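Asker: Have a look at this fold, sequence not included:
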DNA sequence: GCGCTTCTTATTGTATACAAAATTGCGCAG
DNA sequence: CTGCGCAATTTTGTATACAATAAGAAGCGC
């Protein structure tokens, strides 16, 4: 993390995720280099990584822009996530040991605490939720699956909109994690897969509803739909 | 493709896929730069891309080595491919139009020709097969799915071992494509998904059988395996 | 002789300078 | 006024030089 290219990556990434850089904004290497206080070389490496993450997009003439996400694209990403995380849960159910199961239980207990707080600790929830899913992914023991999923998990939209989660959705999420733990305890891969897939799909619809609400407000004028 | 970094990427990639660089071999940037007749800068970009493809592997001290593939890893990759290509087939079945269907039919007809030739035109088969699957993937209309799959499709092992395909396996493959076309013609996504998943899994077992045969032979003499 | 430290060397990371390519803006002809 | 084409400027791609860091080798004490 102390390396310049890592700093550049984190910095630019954060600017995109936070919305400081809006979808469609152009990314000029020199400008980014100055912002990150490094030279263009590490910036270029960072841009490569961000492109692989699909957070940015290069035109045919090699200029970089912040990727814009249609609702379709987002639905797409969630669909893939549901499938892949479901697969991860199935594999994890077959491989999990007692120590890991216990760790997951503790993690979800802390999620429960974040959820029942008033007001709910959404940031804490997000961090713990991330930890919970990461642990399952690790237990699935598939380097390739991990590689594919990390690209999908780190989505700007998700993080921005998760803050719109209501108390009900947070509790529901916590509850689904518990069901997942039950499936793990029994080593029932198919069950775990079903729950996980549903868990992700629910998250998508929660997002889509919030999004529709937002765009309904914004789009009094009109929509850029193709 | 005329860019130096693309040349470096193709060159190094080809060396790995062909086996000229064996799993575990170290990749020194300067040496590669000389081989590719470019400077280290584009080589570094190429290495990044190859790392994303999981064809190479970086140690904690940032040195690069050709990735070695255990049979488990390969099975893993095929499993993910089966799932994702199955998903692609399902989506494609819902979206396909007559022109694309016709194009797929013609492609598979040419595959048929390559298969019945004696000796079978394996290189032609591979290229057409790639085209066939690419067309389906395109029809699935999911940029993210495309992104995830391209990483999985371009595997060195697959290409090296496909040459071991017997006439039966080639014919079987051609036949499965025909079934897929039937599913597409009826817009039956679930059917298409089943066939595609089976198609990929069959390919894996064909590989695994060949691999077991090969390692049995090799391990009699003794290999430089670490 | 063995283990530790330190110095040397090899390799990667970063910065900068230069080359190539592309976009933009201007000028000019129609 | 519009469309085309050229040139000026901006932006990206590549090469090279230098700095930082990790591996390897030699020296030293025990």
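Answerer: Perfect, thanks for sending it. Note that the coordinates shown come from a computational prediction; the quantities given were computed from them, not determined experimentally.

Asker: can you pull out the strands in chain A?
Answerer: A:26-27, A:56-58, A:64-66 (DSSP state E).

Asker: Any chance of those in TSV with mean neighbour count, distance to residue B:170 and mean pLDDT as columns?
Answerer: In short, each C-beta sits where N, CA and C put it, glycine included. Conversion of these to TSV gives the following (neighbours: other CB atoms under 10 Å in any protein chain shown; distance: least, CB to CB, whole Å; pLDDT from 0 to 100):
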stretch	mean neighbour count	distance to residue B:170	mean pLDDT
strand A:26-27	16	47	96
strand A:56-58	18	38	95
strand A:64-66	19	43	96
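
Asker: Let's have those strands in CSV, adding distance to DNA strand C.
Answerer: Shown next, in CSV, are these (distance: least, CB to the nearest atom of the strand, whole Å):
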stretch, distance to DNA strand C
strand A:26-27, 9
strand A:56-58, 11
strand A:64-66, 12
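
Asker: of all these, which lies closest to residue B:134?
Answerer: In terms of CB to CB, the element of the strands of chain A nearest to residue B:134 is strand A:56-58, at 20.6 Å.

Asker: Pull up the pairing partners for that closest one, direction included.
Answerer: Here strand A:56-58 has these sheet partners by DSSP bridges: strand A:64-66 (antiparallel).

Asker: Residues touching the strand it pairs with, excluding its own?
Answerer: A:16, A:21-27, A:29, A:47, A:51, A:55-59 (CB atoms under 8 Å, 6 or more residues apart in numbering or on different chains).

Asker: Repeat that for stretch A:107-114.
Answerer: A:120-122, A:124-125, A:128-129, A:131-132, A:135, A:170, A:173-174, A:177-178, A:181.

Asker: between those residues, which is nearest DNA strand D?
Answerer: When the contacts of stretch A:107-114 are ranked by distance to DNA strand D (CB to the nearest atom of the strand), residue A:131 comes first, at 26.9 Å.

Asker: Not counting residues beside it along the chain, what's closest to that closest one?
Answerer: Nearest residue to residue A:131 in three dimensions, chain neighbours excluded: residue A:107, at 5.7 Å (CB to CB, 6 or more residues apart in numbering or on different chains).

Asker: quick one: that neighbour from residue A:86, how far?
Answerer: Separation of residue A:107 from residue A:86 (CB to CB, to the nearest Å): 19 Å.

Asker: What is the neighbour count of residue A:47?
Answerer: 21 (other CB atoms under 10 Å in any protein chain shown).

Asker: give me every residue that touches residue A:25.
Answerer: A:65-66.

Asker: I'd like the distance between it and chain B.
Answerer: Going from residue A:25 to chain B by CB to the nearest CB, to the nearest Å gives 19 Å.

Asker: Kindly report the same for residue A:86.
Answerer: Counting by CB to the nearest CB, the gap from residue A:86 to chain B is 9 Å.

Asker: residues contacting that residue?
Answerer: Contacts of residue A:86 (CB under 8 Å, 6+ apart): A:193-194, A:196-197, A:200.

Asker: same deal with residue A:75?
Answerer: Contacts of residue A:75 (CB under 8 Å, 6+ apart): A:204, A:208.

Asker: again with residue A:41
Answerer: Applying CB under 8 Å, 6+ apart, one finds that residue A:41 lies in contact with A:5, B:41.

Asker: about what we covered before: return a selection command, for use in ChimeraX, containing the buried ones of the contacts of residue A:86.
Answerer: Only the buried entries of those go into this ChimeraX selection, using 16 or more other CB atoms under 10 Å in any protein chain shown:
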select /A:193,194,196,197,200
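
Asker: now the contacts of residue A:86 as TSV including distance to chain B?
Answerer: Below are these laid out as TSV (distance: CB to the nearest CB, whole Å):
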residue	distance to chain B
A:193	11
A:194	15
A:196	14
A:197	12
A:200	14
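
Asker: Closest one of the contacts of residue A:86 to residue A:95?
Answerer: Comparing the contacts of residue A:86 against residue A:95 with CB to CB places residue A:193 closest, at 13.6 Å.

Asker: any idea how far residue A:90 is from that closest one?
Answerer: Counting by CB to CB, the gap from residue A:193 to residue A:90 is 4 Å.

Asker: Kindly list the longest helix within chain A.
Answerer: In chain A, taking DSSP state H as the definition, the longest helix is helix A:189-218.

Asker: now it: how far from the chain's centre is it?
Answerer: Between the centre of helix A:189-218 and the centre of its chain there are 12 Å (CA atoms, centre = their mean, to the nearest Å).

Asker: Identify each buried residue in that helix, please.
Answerer: For helix A:189-218, by 16+ other CB under 10 Å, it's A:189, A:191-197, A:199-204, A:206-207, A:210-211.

Asker: and the gap between the residue lying closest to residue A:82 once chain neighbours are set aside and DNA strand D?
Answerer: What sits nearest to residue A:82 in space, not counting adjacent residues and going by CB to CB, 6+ apart, is residue A:200, at 3.9 Å. To DNA strand D, residue A:200 is 35 Å away according to CB to the nearest atom of the strand, to the nearest Å.

Asker: do residue A:172 as well
Answerer: 43 Å.

Asker: Ok, residue A:204 next?
Answerer: Counting by CB to the nearest atom of the strand, the gap from residue A:204 to DNA strand D is 33 Å.

Asker: try residue A:57
Answerer: 12 Å.

Asker: Could you pull up phi and psi at the closest residue to that residue other than its chain neighbours?
Answerer: Of all residues not flanking residue A:57 in the chain, residue A:67 sits nearest, at 4.5 Å (CB to CB, 6+ apart). The phi and psi values for residue A:67, taken as degrees, to the nearest 10, are phi -70, psi 140.

Asker: burial count for residue A:67?
Answerer: 19.

Asker: shouldn't it be in contact with residue A:59?
Answerer: No: the criterion here is CB atoms under 8 Å, and residue A:67 misses it with residue A:59 at 11.7 Å.

Asker: Could you list the domains of chain A?
Answerer: Using automatic domain parsing, the domain parsing of chain A gives A:4-66, A:71-218.

Asker: center of chain A - which residue?
Answerer: Nearest to the mean C-alpha position of chain A, by CA atoms, centre = their mean, lies residue A:153 at 3.3 Å.

Asker: need the contact list for that one.
Answerer: Residues in contact with residue A:153 (CB under 8 Å, 6+ apart) are A:81, A:130, A:133.

Asker: that older thread, remind me what the longest helix of chain A packs against, helices and strands.
Answerer: If you count contacts as 3 or more CB pairs under 8 Å, 6 or more residues apart in numbering or on different chains; DSSP states H and E, helix A:189-218 packs onto helix A:71-95, helix A:156-161, helix A:167-185.

Asker: How about the residues of chain A by DNA strand D?
Answerer: By the rule CB under 7 Å from any atom of the strand, the part of chain A lying against DNA strand D is A:26-30, A:40-41, A:44, A:62-64.

Asker: quick one on the thing from earlier: ok, now how distant is the residue nearest to the centre of chain A from DNA strand D?
Answerer: Computed as CB to the nearest atom of the strand, the residue A:153 to DNA strand D distance reads 27 Å.
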